[in-house]
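Colleague: fold the following and give me the result.
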Amino acid sequence: MKQSLESYRQLKGERNYWLYLISCAFSRMGDSIDAIAYSWIAYQLTGSPVWLTIIIGVNALPTVLITPFVAPLVERMNKKRVMVATSLFRAGMVLLTGMLMLLDLLTAPMLLAATLLISISESCADPAYMASVPQIIPREKLDAGIALRSMTSQTAQLIGSGLGGVCIGLWGGGGALLVDGSLFVLASLVLTTLRLAPRTEVPDASGQRADGYLQTLKAGFRYFLHRPPLVLLCLLSVGFNILLSPMNQLQTAYVVDTLHLDAYALSVIGVANAAGMLLGSLAYPLLKKRLTIRRVTVYCGMTVVLDYAALVLLSLVKGMAWFQYAALFVTGLVMPMTVALFSLMGNVLFFQVIEEGYLSRMASIFNALGMAAVPLASVYSGALVSLMPITRVYLASAGLTLLATLAVSRLKAMRGLEALATPDEKEAACDEAAL
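Modeller: The predicted model follows:
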């Protein structure tokens, strides 16, 4: 623990980083509230678990279809203005949706449209954030910076998840969104105080200036495809998104229809998830030298299998609300710990391997491919839940996760990622990947 604290002391004096951290805390707290509120409102308006999968699937489309093509444009723009503008736009949309819900004017199509517009704004914001990271935190402090950001985000999520259920209980979904929107306004105001240098020219793979949009776009895809460890890391992220989607997308329907609980159960799950991610983030600086990406991937896959199995067994418990709440907390706590370790290790590898001029384009490709799993999983989840109970969908997902984990653990390509995670071998692995 002492070693962990020492690594965080090196962040002292990094003004941009601490402002970014405060903004992330407000934003993440808002994310946690609207994750509960939007799901609750959607189910309240439609009463259909299929609608939940549709809204979540549509929310992912802009990331898949827009982000890779917006990133080259964002690289040429003022990153701070993009971040502030998109954050304020999201705040405005959330506040408007909340007001419409309180006035009993909101409909399911309107909620779908608002979700889509917010997702479009986030497709522009993400490349700007990623391209600004080298100015926010020096590369040699990435390990500590990413770990502390993760802990801060999970603490904020912990607070937001608990606050979301309370807000819905007191003021309904509309009131929860007003609190949510106010947090995004605060996050926007903090972003205005960042001091970022003007943009620099973006080189292509040959070291030449990439003046044309198409040239910049092609250079980004070429850079990605010529680095197999990046491709594998991306595919692992896509896989986890697909395997976790049924659990995430059908959560509200499972709580309401299968367990017959209320919105407070969603808060319990959210708090447990945030606590698990926080514990995983706290453990990462202490465990990172003992872990490999292969081992973390297997741990993560197996905890997902156990989580699905536990939710299926929990559905058999009747008339014991206290036990259901306790079980939801425990199942929601364990799996995110390993997810946090995988996420942190992947984030550090991402910034270590990729050159600064390609950060936003690589982030957009990663996000697009990762989110591409969501619409596909929405179709999968929506189709299955229309044919069978949610518990059977969970059972099928557990079996698929087990098979996928066993297959990935035997891939020879995992050695390249393991080498990148080892500081002494990182440089050799990067050279080998670029060949």
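
Colleague: avg pLDDT for stretch 138-156?
Modeller: For stretch 138-156, the mean per-residue pLDDT is 80.

Colleague: secondary structure class for L194?
Modeller: Per DSSP: H, G, I helix; E, B strand; the rest coil, the secondary structure class of L194 is coil.

Colleague: that one contacts R81, correct?
Modeller: No. Between L194 and R81 there is no contact under C-beta atoms under 8 Å: 10.6 Å. Heads up, the C-betas are built off the backbone N, CA and C, glycines and all.

Colleague: ok, the two, which is more surrounded?
Modeller: L194 (19 against 13; other C-beta atoms under 10 Å).

Colleague: got the contact list for the more buried one?
Modeller: L194 makes contacts with N16, L19, Y20, K80, M83, S132, I136, as judged by C-beta atoms under 8 Å, 6 or more residues apart in numbering.

Colleague: and of the residues you listed, the nearest to A327?
Modeller: Taking C-beta to C-beta as the measure, A327 sits nearest to Y20 out of the contacts of L194, at 37.0 Å.

Colleague: distance of that closest one from E355?
Modeller: Distance check for Y20 against E355: by C-beta to C-beta, to the nearest Å, it reads 21 Å.

Colleague: those two: who's more crowded?
Modeller: Y20 (23 against 12).

Colleague: looking at this, the more buried one is in a helix?
Modeller: Yes. Under three-state DSSP, Y20 sits within a helix.

Colleague: please name the nearest non-neighbouring residue to it.
Modeller: Leaving aside its sequence neighbours, Y20 sits nearest to I136 (C-beta to C-beta, 6 or more residues apart in numbering; 5.0 Å).

Colleague: that neighbour against W18, yeah?
Modeller: No. I136 lies out of contact with W18 (C-beta under 8 Å); the separation is 9.7 Å.

Colleague: which of those two has more neighbours?
Modeller: Legend: neighbour count by other C-beta under 10 Å for I136 and W18, higher for I136 (20 against 15).

Colleague: report the contact partners of that one.
Modeller: By C-beta under 8 Å, 6+ apart, the contact set of I136 is E14, N16, Y17, Y20, G145, L194, L196.

Colleague: got phi/psi on the first one?
Modeller: According to degrees, to the nearest 10, the main-chain angles of E14 amount to phi -80, psi 80.

Colleague: kindly report the same for E75.
Modeller: Dihedral pair for E75: phi -60, psi -20, per degrees, to the nearest 10.

Colleague: buried set for stretch 399-413?
Modeller: By neighbour count, with 16 or more other C-beta atoms under 10 Å as the criterion, the buried positions of stretch 399-413 are L400, T401, L402, A404, T405, V408.

Colleague: all helices of the stretch 51-200 of the chain, in order?
Modeller: 67-74, 79-102, 108-136, 142-191 (DSSP state H, counting those that start in this stretch).

Colleague: so which elements touch the first one?
Modeller: Pointing back at helix 67-74 there. Applying 3 or more C-beta pairs under 8 Å, 6 or more residues apart in numbering; DSSP states H and E, one finds that helix 67-74 contacts helix 108-136, helix 213-225, helix 359-385.

Colleague: give the rounded mean pLDDT of it.
Modeller: Mean per-residue pLDDT for helix 67-74: 76.

Colleague: and it, what's buried?
Modeller: Quick answer for helix 67-74 (16+ other C-beta under 10 Å): T67, P68, V70, A71, P72, V74.

Colleague: now those residues as CSV including distance to L387?
Modeller: Output for these, formatted as CSV (distance: C-beta to C-beta, whole Å):
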residue, distance to L387
T67, 33
P68, 34
V70, 37
A71, 39
P72, 42
V74, 42
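
Colleague: pick out whichever of those residues sits closest to V166.
Modeller: Lowest distance from V166 to those (C-beta to C-beta) belongs to T67, with 33.7 Å.

Colleague: got the contact list for that closest one?
Modeller: Applying C-beta under 8 Å, 6+ apart to T67 gives the contacts S123, D126, P127, S364, N367, A368.

Colleague: in a markdown table, list those along with neighbour count, pLDDT and distance to M388.
Modeller: Formatted as a markdown table, the contacts of T67 follow (neighbours: other C-beta atoms under 10 Å; pLDDT from 0 to 100; distance: C-beta to C-beta, whole Å):
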| residue | neighbour count | pLDDT | distance to M388 |
| --- | --- | --- | --- |
| S123 | 26 | 80 | 34 |
| D126 | 24 | 79 | 35 |
| P127 | 27 | 80 | 40 |
| S364 | 26 | 73 | 36 |
| N367 | 23 | 71 | 32 |
| A368 | 22 | 73 | 31 |
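
Colleague: how much space separates Y129 from V334?
Modeller: Relative to V334, and taking C-beta to C-beta, Y129 is found at 30 Å.

Colleague: ditto for I242
Modeller: 20 Å.

Colleague: Y129 and V334: who's more crowded?
Modeller: Each of Y129 and V334 has its neighbours counted (other C-beta under 10 Å); Y129 has more, 21 against 16.

Colleague: contacting residues for that one?
Modeller: Contacts for Y129 were tallied using C-beta under 8 Å, 6+ apart; they are K79, M83, A363.

Colleague: likewise T107?
Modeller: Each residue near T107 by C-beta under 8 Å, 6+ apart is listed here: L45.

Colleague: what backbone torsions are found at it?
Modeller: For T107, the backbone dihedrals (degrees, to the nearest 10) come out as phi -120, psi 170.

Colleague: quick thing: my sequence starts at 59, can you match it?
Modeller: Sounds good: first residue 59 from here, last item T165.

Colleague: sorry, back to before: among the buried residues of stretch 457-471, which one sits closest to S145?
Modeller: The closest of the buried residues of stretch 457-471, once distances to S145 are taken by C-beta to C-beta, is T459, at 34.8 Å.

Colleague: contacts for the helix or strand hosting the closest one?
Modeller: Using DSSP states H and E, T459 sits within helix 448-467. With contact meaning C-beta under 8 Å, 6+ apart, helix 448-467 is reached by 107, 294, 297, 301, 304-305, 308, 311-312, 315-316, 352, 355-356, 359-360, 362-363, 366-367, 369-370, 373, 439, 442-443, 472.

Colleague: same deal with stretch 345-361?
Modeller: 201, 294, 298, 301, 392-393, 395-397, 399-400, 402-404, 407, 459-460, 462-463, 466-467, 472, 475-476, 478-479.

Colleague: from the middle of its chain, how far away would it be?
Modeller: 19 Å (C-alpha atoms, centre = their mean, to the nearest Å).

Colleague: since that was my last question, I'll sign off now.
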